[in-house]
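1. fold the following for me, if possible:
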Amino acid sequence: MQRQFRKWKAVDHDEFRSALLNSELCGVSDLPTTADDYFERYERVLRRLADEFAPVTSLSRRRQRLAHWMDAECFQLRRQSRRLQKVYGRTQSSTDRLAWVQHERKRHAIYRKKEYAYRNLRLSKNASSSKKTVDHPLMG
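-> Predicted coordinates for the structure are as follows:
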């Protein structure tokens, strides 16, 4: 899976502002005559500046196979954990860190319970066949 993005946070705002002010977009000579010409110039100049200051970067992401026992609750807990982690990363507050750590502990405890229940169910359902008790990518 390919993802393309621009690193806007790394852009030097003063240099970008200067380049924008010195571009033909802010010039007073040779003005376009129609709205389409204005828009074409606007798009061309901003795309050139974006490519210069924040070029498009590609990132390949591999999707990791998720555990069979993960359900909607697990995904919701993981989403909330990421949100709390981002809040803590932004604020660096000890209360935000504590909220994130407590949530992580709760999340992992729930994960352990779900995995344990899944494995017990799988063992009891397939007690007669040792092949079926092992998680295998081709067997559900």
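2. tell me which strands and helices the longest helix seen in the chain is in contact with?
-> Taking DSSP state H as the criterion, the chain has its longest helix at helix 94-125. Here helix 94-125 touches helix 72-91, going by 3 or more C-beta pairs under 8 Å, 6 or more residues apart in numbering; DSSP states H and E. C-beta: built from backbone N, CA, C; applies to glycine.
3. helices or strands next to the helix it packs on in the packing?
-> On a contact count with 3+ C-beta pairs under 8 Å, 6+ apart, helix 72-91 meets helix 94-125.
4. now the helix it packs on and helix 72-91, what's the angle there?
-> 160 degrees (axes from the mean of the first three to the mean of the last three C-alpha atoms, to 10 degrees).
5. how far does helix 94-125 sit from the chain's center?
-> The chain centroid and the centroid of helix 94-125 are separated by 22 Å under C-alpha atoms, centre = their mean, to the nearest Å.
6. which parts of that helix are buried?
-> By neighbour count, and taking 16 or more other C-beta atoms under 10 Å as the criterion, the buried residues in helix 94-125 are 96-97, 100, 103, 107, 111, 114, 118, 122.
7. average pLDDT for that helix, rounded please.
-> Along helix 94-125, the predicted local confidence has a mean pLDDT of 94.
8. export stretch 68-84 as PDB, just CAs?
-> C-alpha atoms of stretch 68-84 as PDB (Å, rounded to 0.1, in the frame of the first residue of the first chain):
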ATOM      1  CA  HIS A  68      -8.200 -13.600  14.900                       C
ATOM      2  CA  TRP A  69      -9.500 -12.600  18.300                       C
ATOM      3  CA  MET A  70      -9.500  -8.800  17.700                       C
ATOM      4  CA  ASP A  71     -13.000  -7.400  17.400                       C
ATOM      5  CA  ALA A  72     -14.700  -4.000  17.100                       C
ATOM      6  CA  GLU A  73     -14.100  -3.200  20.800                       C
ATOM      7  CA  CYS A  74     -10.300  -3.800  20.300                       C
ATOM      8  CA  PHE A  75     -10.200  -1.500  17.400                       C
ATOM      9  CA  GLN A  76     -12.100   1.200  19.300                       C
ATOM     10  CA  LEU A  77      -9.700   0.800  22.300                       C
ATOM     11  CA  ARG A  78      -6.700   1.100  19.900                       C
ATOM     12  CA  ARG A  79      -8.100   4.200  18.300                       C
ATOM     13  CA  GLN A  80      -8.700   5.800  21.700                       C
ATOM     14  CA  SER A  81      -5.200   4.900  22.800                       C
ATOM     15  CA  ARG A  82      -3.700   6.500  19.700                       C
ATOM     16  CA  ARG A  83      -5.700   9.700  20.400                       C
ATOM     17  CA  LEU A  84      -4.500   9.800  24.000                       C
END
